[in-house]
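Visitor: Below are the sequence and a predicted model; questions follow.
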Amino acid sequence: MAADEYALIAGTVFRPEGSAFPRVEVLLESAVTKKPQKVRTDSRGEFTFRVPAKPARYNVNVKVAGFRNETKPVEIQGDERVDISILLEREK
């Protein structure tokens, strides 16, 4: 693997009614790294993480007050892009 090879985990966070959810904190966790990566969604509810281009499993976590926590598992095989969508549900 060349030093500049990487994979992308990209996604969009949506509100229950289907609109984009801007400025939401998104965490990327891995069993390999002890410290999660953090980003905030942009104005369109989109986020991207850059990770090593090697087989690995990650969890993408979104926690917003007033909404249920959402976790999506992601598996990377190599130099690729994986896209996910996260639809948040209101807490009851």
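Guide: Cool, got the structure.
Visitor: which SSE is the residue nearest in space to the middle of the chain in?
Guide: Closest residue to the average C-alpha location of the chain: residue 60 at 4.1 Å, with C-alpha atoms, centre = their mean. Here residue 60 sits within strand 56-62, counting by DSSP states H and E.
Visitor: what comes up buried for that strand?
Guide: Within strand 56-62, the residues scored as buried using 16 or more other C-beta atoms under 10 Å are 56, 58, 60-62. Glycine gets a C-beta too; all of them are placed from N, C-alpha and C.
Visitor: Could you do stretch 32-47 as well?
Guide: In stretch 32-47, counting by 16+ other C-beta under 10 Å, buried: 37, 41, 45-47.
Visitor: Looking at those residues, which gets the smallest pLDDT?
Guide: Taking the buried residues of stretch 32-47 together, the minimum pLDDT is found at residue 37 (95).
Visitor: Help me confirm that that residue comes into contact with residue 52.
Guide: No. Between residue 37 and residue 52 there is no contact under C-beta atoms under 8 Å: 11.9 Å.
Visitor: So what's the gap between stretch 40-54 and the chain middle?
Guide: Distance of stretch 40-54 from the chain centroid (C-alpha atoms, centre = their mean, to the nearest Å) equals 6 Å.
Visitor: these two touch, right, the residue nearest to the centre of the chain and residue 71?
Guide: Yes. Counting by C-beta under 8 Å, residue 60 touches residue 71, with 7.0 Å between them.
Visitor: where do the strands sit along the protein?
Guide: 6-14, 25-30, 37-40, 46-52, 56-62, 70-76, 81-87 (DSSP state E).
Visitor: The fourth one: partners in the sheet, and parallel or antiparallel?
Guide: Under the criterion DSSP bridges, strand 46-52 sits next to strand 6-14 (antiparallel) in its sheet.
Visitor: And the contacts of the partner strand?
Guide: Contacts with strand 6-14, where a contact means C-beta atoms under 8 Å, 6 or more residues apart in numbering, come from 20-21, 24, 26, 28, 41, 44-53, 58, 60, 62, 72, 74, 76, 78-88.
Visitor: now stretch 81-89
Guide: Everything outside stretch 81-89 that qualifies as a contact, by C-beta under 8 Å, 6+ apart, is 7-16, 18, 21, 60, 62, 64, 67-68, 70, 72, 74-76.
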